[in-house]
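Trainee: I would like the atomic coordinates for the input below:
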Amino acid sequence: MGHLYTDIVVKGVKSAKELKNVLIDSGDTYTVLPGNVLEEIGASLLPTEVVLELGNGTRVKAKAYGMVVSILGAEAPSIGITFEGAQSVVGVETLESIGIKLDPTTSRLEFTRPKGMAYFYSSRQVSSGVRTFVLTQEDNAGIPWGMRREVTPDATRLSIITK
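Mentor: Okay, here's the model as predicted:
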């Protein structure tokens, strides 16, 4: 599998910035960005420094920031890491938060759930043997919706929940 690059948008409290051809590294936990990008967008500095081991074995002190990352039109909160000499890389934590995975057989990004879906998952067992699973979210207009799946020993029923 070769290298995979994508365009991303990073957002903070001050602004948003589009970054072109950012490397996706399935071996990186966090998204790494140059410090000036995180400061420019107004990413929120987290109250801790972390020590990271880079792929070449070098250990560095890094600052962590909270931000929003958008890839392929879907976005989610993410942690951005920076240190001296940091180059832009998208890590697995960001991909998972957005609901994207890297398919190593095709070298393509694939959605693992509908865009904008941040699952709220609940499950309850009822004494009658019915198990109910509920997934909910809010759409772009702030209207809650979701899916309910009820599993019994005899059947599974799926219904859409709207308000």
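
Trainee: show me the helices in the protein, by range?
Mentor: Using DSSP state H, the helices assigned to the chain run over residues 35-41, 92-98.

Trainee: what helices or strands is the first one leaning on?
Mentor: The contact analysis (3 or more C-beta pairs under 8 Å, 6 or more residues apart in numbering; DSSP states H and E) places helix 35-41 against strand 4-11, strand 16-24, strand 59-71, strand 74-82. For glycine as for every other residue, the C-beta is placed from the backbone atoms N, C-alpha and C.

Trainee: residues in contact with that helix?
Mentor: Here helix 35-41 makes contact (C-beta atoms under 8 Å, 6 or more residues apart in numbering) with 10-17, 19, 63, 65, 67, 80, 82-83, 86, 88.

Trainee: let's see that with 7 Å instead.
Mentor: Helix 35-41 is contacted from outside by 10, 11, 12, 14, 15, 16, 17, 65, 67, 80, 82, 86, using C-beta atoms under 7 Å, 6 or more residues apart in numbering.
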